[in-house]
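Chemist: Generate a structure from the sequence data that follows.
(2 chains)
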Protein chains: 2
Amino acid sequence: MVEEIFANEQFLSEPVGLYKPIDYTLRLGGKRIRPMMLLASGCMFGAEPEELHDAAIGIELFHNFTLLHDDLMDRSPLRRGQPTVYTKWDDNTAVLSGDTMFAMAWRCFLRINSPHSHAAMRCFCDTAIEVCEGQQKDMDFERMTMADGVGLGMYMEMIRQKTAVLLAASLEIGALLAGAQDEEVERIRNFGLHLGLAFQLQDDLLDGYGDTAVFGKKTGQDIRDNKKTYLPLLARTMCNNQQRDELDSLFSAKKNMDEEEKVRRVMAIYNTVGLRRAVDTTIAEEFSHAVECLDSVGAEEGRKRPLRDLVQTLFCRKK
Amino acid sequence: MVEEIFANEQFLSEPVGLYKPIDYTLRLGGKRIRPMMLLASGCMFGAEPEELHDAAIGIELFHNFTLLHDDLMDRSPLRRGQPTVYTKWDDNTAVLSGDTMFAMAWRCFLRINSPHSHAAMRCFCDTAIEVCEGQQKDMDFERMTMADGVGLGMYMEMIRQKTAVLLAASLEIGALLAGAQDEEVERIRNFGLHLGLAFQLQDDLLDGYGDTAVFGKKTGQDIRDNKKTYLPLLARTMCNNQQRDELDSLFSAKKNMDEEEKVRRVMAIYNTVGLRRAVDTTIAEEFSHAVECLDSVGAEEGRKRPLRDLVQTLFCRKK
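Modeler: Now for the predicted structure:
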């Protein structure tokens, strides 16, 4: 349904220098997980899919706007295996086409014909601001070292804002547009927050422990990049002093260090302290909290099916 | 009143890396002409100033967001005599703090408590998209030469979108929130479009013919920068073939040409064809159209006073 909605939507317009990169970004695909969740949540609470189309497109436009600007800020040359906008065009195009996508997302929300559209827009707006705050914290993080005191608490708050909040908002907006009651909206939002955290922690885990053949990329990239993800931050709390000093020094190593040796030494510490099992436990807990929230939602079991299936798919993902 | 509104508004928050540049930008001041126009228009149609505060702050937040991103894209080191955000901080800060300001502008609009808030937001959204399109056309322009066919029509459409539309929207939003009738909204919007064009053409004229002592900056900067403003584009239509070839070649000259000699030669052509008078006429016509629109508005003469005074101030401006 989501792919059909996007296939029917026209993103090209004049001037082409502005809209071509927008169309390119949106046609690259992606999992479309946010509009899917919005539709699944809205329909669970009794909305008709058509009432949710504009919000579903709006949320995906917003998500792609953040990717476009994040890739520029992080200087990521590839996204979904294709050149990012700032590499295919230039920095200015990435800035301005991104801005325009954000405005286009608002146009979608303003098209919603529902007595609940204002509540949906408030949720969208608060979320947009939190996502920006999360991205800023992520950039602040990059400049700090683990010895500086980057801790698990800061990290969890950062990924909550950068990733989980938008998944939660997608579900919340669906529920709001369906006219769900406040407590139900709160429940489905919390479901999204736990699912979002689990999803991000899985990403972190797969970087260290993914099966390269299935994962599709080389593991250990976060280690090579000195990225302070959940893995090293949790490992630090499980280390003795000597291991912690070694980990800190490996994660502040310059680029000229032998990279494979570095990955090997970091993984050795992870394995010694039993990190994989600890992270697996946290992820399973987040999934379990998510399922509890979904259980508590007052809707027919049959209507919960799509979200339960989504949880199952995400829980088992190997890439 | 506008200064008081801004003095009472809190823009600082966490993370400071995100909000400090926003607060800095908004405290730099500026003429606050858009919120002033919004208030003047709304009050003319009978709204209470307090009903307009959120929209007034929102429109100024949006304007400052566009300045922040435009300065980054145009690599302008100074704004209002102070370092721009990307120079004082860095490119990424300019991108992300700008994005956040745009979201904050929406939060202001969503705070509006009025049956007309939805109409105001639709106007704001359409305007935001037009401003982005105008900026893209401005950047496309930079890469074209006059001989490529950059013409007056394209230029007027570009400044309409980049400058006039936001002034018009400020007035329109004031009128909408006051519950003005459709025809009145249309009139005050057209007033803003003509005023905006007049304002931008004055900018172009002052660059060539401003009194340096009053203007506060060196004249001829657009000529040194090969900027295809209204002046050279109109001059081209008044030239003979030889003058046009000379003008085209001067406006595609490389940086190593003697700049003062270049300014002197361009101004000589302008003066020969009688450019100043022609531009003065166009500006006076736009002001006159603006006044006709304001005349046609169905409101008490006393309530039109602030906007009439604004026209007068702008008409006489020498900087």
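Chemist: any idea which element residue A:311 lies in?
Modeler: Assigning secondary structure by DSSP states H and E places residue A:311 in helix A:301-316.
Chemist: who touches that helix?
Modeler: Contacts with helix A:301-316, where a contact means C-beta atoms under 8 Å, 6 or more residues apart in numbering or on different chains, come from A:33, A:36-37, A:40-41, A:43-44, A:191, A:195, A:198-199, A:202, A:287, A:290-291, A:294, A:297. Every residue, glycine included, has its C-beta placed from N, CA and C.
Chemist: same check, this time on stretch A:6-24
Modeler: A:26, A:32, A:57, A:60, A:68, A:85, A:88-89, A:93-94, A:96-97, A:100-101, A:104, B:132-133, B:136-137, B:139-140.
Chemist: returning to what we had before: average pLDDT across the helix holding residue A:311?
Modeler: Helix A:301-316 comes out with an average pLDDT of 95.
Chemist: mind listing what's buried in that helix?
Modeler: By 16 or more other C-beta atoms under 10 Å in any protein chain shown, the buried positions in helix A:301-316 come out as A:304, A:307, A:310-311, A:315.
Chemist: and if you look at stretch A:254-265?
Modeler: In stretch A:254-265, counting by 16+ other C-beta under 10 Å, buried: A:262-263, A:265.
Chemist: Make TSV out of those residues and add secondary structure, distance to residue A:77 and pLDDT.
Modeler: Formatted as TSV, these follow (DSSP: H, G, I helix; E, B strand; the rest coil; distance: C-beta to C-beta, whole Å; pLDDT from 0 to 100):
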residue	secondary structure	distance to residue A:77	pLDDT
A:262	helix	22	95
A:263	helix	21	95
A:265	helix	28	96
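Chemist: and which of these is nearest chain B?
Modeler: Each of these was scored against chain B by C-beta to the nearest C-beta, and residue A:262 proved nearest at 26.7 Å.
Chemist: I'd assumed residue A:253 was in contact with that closest one.
Modeler: Yes. In this structure residue A:262 lies within contact range of residue A:253 using C-beta atoms under 8 Å: 6.1 Å.
Chemist: In the one helix or strand residue A:189 maps to, which residues are buried?
Modeler: Using DSSP H and E, residue A:189 sits within helix A:182-209. For helix A:182-209, the neighbour count (16+ other C-beta under 10 Å) marks A:184-185, A:187-209 as buried.
Chemist: looking at chain A, which helix or strand does the model trust least?
Modeler: When the helices and strands of chain A are scored by mean pLDDT, DSSP states H and E, helix A:212-215 comes last with a mean of 75.
Chemist: Tell me how far residue A:86 lies from chain B.
Modeler: 11 Å (C-beta to the nearest C-beta, to the nearest Å).
Chemist: give me the number of residues near the residue nearest to that residue when sequence neighbours are not counted?
Modeler: Spatial nearest neighbour of residue A:86, excluding adjacent residues (C-beta to C-beta, 6 or more residues apart in numbering or on different chains): residue A:94 at 3.9 Å. Residue A:94 has 23 neighbours, counted by other C-beta atoms under 10 Å in any protein chain shown.
Chemist: How about the contacts made by residue A:94?
Modeler: Here residue A:94 is in contact with A:21, A:68-69, A:71-72, A:84-86 (criterion: C-beta under 8 Å, 6+ apart).
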